[in-house]
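Enquirer: here is my input, please return the structure:
(one chain, ligands or ions: 1)
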Amino acid sequence: MIADKRHPVRRLNSANRWVFLAASVIPGLVFAQSQKEPDWARLQDETMLHYQTLLRMDTSDPPGNERPAAEYLKQVLEREGIPVRLFEAEPNRVNLVARLKGNGKKRPLLIMGHTDVVTVDPKKWTFPPFSATRNGGYVYGRGTVDDKDNVVAALMTMLTLKRMNVPLDRDVIFLAEAGEEGTTRVGIQYMVEHHFSEIDAEFCYAEGGNVARVGGRVQYASLQTAEKIPHSIELTASGTSGHASVPLGDNAVVRLSAAIAALGAWKPPILLNDTTRAYFKNLADISQRADAIRYRAVLDSNSKSASDAVDYFAQHEPRHASMLRSSISPTMVQAGYRINVIPSEAKATLDVRLLPDDDPASFLETVRKVVNDSAVRVEYGARDVRPGAPSARLDTEAFRVLETGVAQNYDTVRLPTMSTGATDMAYLRAKGIQCYGIGPATDVEDGPKGFGAHSDQERILETELHRFVRFNWDTVVALARAK
Ligand SMILES: [Zn+2]
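Expert: Numbers count the residues shown, from 1 in each chain. So this is what the prediction gives:
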């Protein structure tokens, strides 16, 4: 039951390396080496059983219907004597909270995963999207990497903590939330606004990170510690209306187009925060020379070489460009209603992603200056989005535990990462919880082939699912176990 089943040689290697890293990162963690280990061979079978069961539940959002997943998890947890509560904001949109009590010396740790998945086009799938087919070392199905991997890893960690009766310095709370894929009002938003005491914690681990493999080899682990903040800006151009056979100098469509073009050409200032500074520095250390030069160049954000590097990123690595500045993507334009009428108004909507430290009011002022046309109104628009929140700190016990877990399980470097999109962690960070995004290893080549999160198909390597469960276990135990 509790013998270490790791291959002896592999264990020696990884343990040696880990002890070395652990001593330099967090000396107190060395204890874990002498701890009893779960029976991983047996837990892998059980992991696969729960994972496939969850994948076979169609929780496509919309409409969501997370109820079967929540009820299944409830039954599995309660069978082991772990108390569970369900919270339902709207019919069948069920959130689950399970809690293992600690001795209260430290504030709780929240581990979370969402049970809903994005919708599918079944025609695009080689194996049916809710079949959880195992083939060639992979499991295929919607939700395999977003986010039933995190759900099952958290579940297995809870079950194993309980079975091994691990004494805890802090409560470990498992939240399986509904509605992450576009309906947070029934998921994390509902939980934060109406049942916050159920999930209030010092730290949180959730989706948002990953481990990148290239050519089958692990390159680095991303730990998500920050995210850009979504806003909407609306441009409204006004002009004189009239018969289109007589062109007018103040045509609203022309003015709007000029404003959009000016913003398209604008390069907002390059700004770094703790996360992106560490990210580019660490990425440079593991990159080929030409890339490394550019990644180092941006660290001196006011330099000419930094702006040259970001120009290069804008062409070749657009996600990196977006990580370095607040950004604007015009996405919707509305004007006119028939060909021979010059409209008096034309509107554009801009998707805006601010860096976490950027001030929304002064950003808007700058946008007005760039547009530089008094006939074009520039205002923030309404947007149903996650709240802005500061980055997670890199000097916490929770982050150091992840660093150690990465070294121990993946033998690679970790990159603190800022995602350009928003996650459910934004709601928790806004409440002061230090949240970190984690995820299993996937092949970088798999995305372009159409097997990633939200892709036509979705899959995970079985070995990487199991390694992720183990990573989860190691980190949660290191952070919560009674010292
Ligand atoms: Zn997700």
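Enquirer: can you pull the buried residues of stretch 36-48?
Expert: By neighbour count with 16 or more other C-beta atoms under 10 Å, stretch 36-48 contains the buried residues Glu37, Pro38, Asp39, Trp40, Leu43, Gln44, Glu46, Thr47, Met48. C-beta coordinates here come from the backbone N, C-alpha and C atoms, glycine included.
Enquirer: can you lay out these as JSON lines showing pLDDT and distance to the ion?
Expert: Formatted as JSON lines, those follow (pLDDT from 0 to 100; distance: C-beta to the ion, whole Å):
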{"residue": "Glu37", "pLDDT": "87", "distance to the ion": "30"}
{"residue": "Pro38", "pLDDT": "94", "distance to the ion": "27"}
{"residue": "Asp39", "pLDDT": "93", "distance to the ion": "30"}
{"residue": "Trp40", "pLDDT": "93", "distance to the ion": "26"}
{"residue": "Leu43", "pLDDT": "97", "distance to the ion": "24"}
{"residue": "Gln44", "pLDDT": "97", "distance to the ion": "24"}
{"residue": "Glu46", "pLDDT": "98", "distance to the ion": "23"}
{"residue": "Thr47", "pLDDT": "98", "distance to the ion": "19"}
{"residue": "Met48", "pLDDT": "98", "distance to the ion": "21"}
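Enquirer: which among the residues you listed gets closest to Asp358?
Expert: Within these, distances to Asp358 taken as C-beta to C-beta reach their minimum at Thr47, with 41.5 Å.
Enquirer: mean confidence score for stretch 324-340?
Expert: In this model, stretch 324-340 carries a mean pLDDT of 97.
Enquirer: for the ion, what are the nearby residues on the stretch 201-350 of the chain?
Expert: By C-beta under 5 Å from the ion, the residues of the stretch 201-350 of the chain that approach the ion are Glu207.
Enquirer: quick one, strands of the stretch 201-350 of the chain?
Expert: Assigned by DSSP state E, counting those that start in this stretch, the stretch 201-350 of the chain shows strands spanning 203-206, 210-214, 217-227, 229-238, 242-243, 327-335, 341-342, 345-354.
Enquirer: give the pairing partners of the fifth one; include direction for each.
Expert: Read that as strand 242-243. Paired with strand 242-243 in the same sheet, following DSSP bridges, are strand 341-342 (antiparallel).
Enquirer: which residue does the stretch 201-350 of the chain bring closest to the ion?
Expert: Going by C-beta to the ion, the ion is nearest to Glu207 of the stretch 201-350 of the chain, at 4.9 Å.
Enquirer: residues near the nearest residue to Ile229 once chain neighbours are set aside, how many?
Expert: Distances taken as C-beta to C-beta, 6 or more residues apart in numbering put Gly388 closest to Ile229, at 3.8 Å, once the chain neighbours are dropped. Neighbours of Gly388 under the rule other C-beta atoms under 10 Å: 18.
Enquirer: roughly how far apart are Gly388 and Pro356?
Expert: 7 Å (C-beta to C-beta, to the nearest Å).
Enquirer: got any residues that touch both of those two?
Expert: Ile229 (C-beta atoms under 8 Å, 6 or more residues apart in numbering).
Enquirer: quick one: the helices in the stretch 151-300 of the chain?
Expert: Along the stretch 151-300 of the chain, counting by DSSP state H, counting those that start in this stretch, helices occupy 188-194, 196-199, 252-265, 274-285, 289-297.
Enquirer: which one of those lies closest to Arg99?
Expert: Using C-beta to C-beta, these put helix 196-199 closest to Arg99, at 8.0 Å.
Enquirer: same question for that closest one, mean pLDDT?
Expert: 98.
Enquirer: what residues does Thr331 make contact with?
Expert: Here Thr331 is in contact with Thr349, Leu350, Asp351 (C-beta under 8 Å, 6+ apart).
Enquirer: now Val186
Expert: Val186 neighbours (C-beta under 8 Å, 6+ apart): Gly64, Ala89, Glu90, Arg93, Asn95, Ala178, Gly179.
Enquirer: I'd say the fourth one and Gly179 touch.
Expert: Right, Arg93. Yes. In this structure, Arg93 is within contact of Gly179 by C-beta atoms under 8 Å, at 6.0 Å.
Enquirer: now for these two: what residues contact both?
Expert: In contact with both Arg93 and Gly179: Gly64, Glu66, Val186, Gly187, using C-beta under 8 Å, 6+ apart.
Enquirer: which element follows the lowest-mean-pLDDT helix or strand in the chain toward the C-terminus?
Expert: Least confident helix or strand of the chain, by mean pLDDT, DSSP states H and E, is helix 8-25 with a mean of 34. Next helix or strand after helix 8-25 toward the C-terminus (DSSP states H and E): helix 40-55.
Enquirer: from the contact counts, what lies against that next one?
Expert: helix 67-79, strand 138-140, helix 148-163, helix 462-480 (3 or more C-beta pairs under 8 Å, 6 or more residues apart in numbering; DSSP states H and E).
Enquirer: quick one: which of the ones you listed is nearest Gln219?
Expert: Per C-beta to C-beta, nearest to Gln219 of these: helix 462-480, 13.6 Å.
Enquirer: ok, how many other residues are close to Tyr205?
Expert: 29.
Enquirer: just the strands of the stretch 201-350 of the chain: most buried one?
Expert: strand 203-206 (a mean of 26; mean count of other C-beta atoms under 10 Å).
Enquirer: now do it: distance to the chain's middle.
Expert: Per C-alpha atoms, centre = their mean, to the nearest Å, the displacement of strand 203-206 from the mean C-alpha position of its chain is 11 Å.
Enquirer: of the helices and strands packed on helix 40-55, which is nearest Ala375?
Expert: That would be helix 148-163 among the helices and strands packed on helix 40-55, by C-beta to C-beta, at 49.3 Å.
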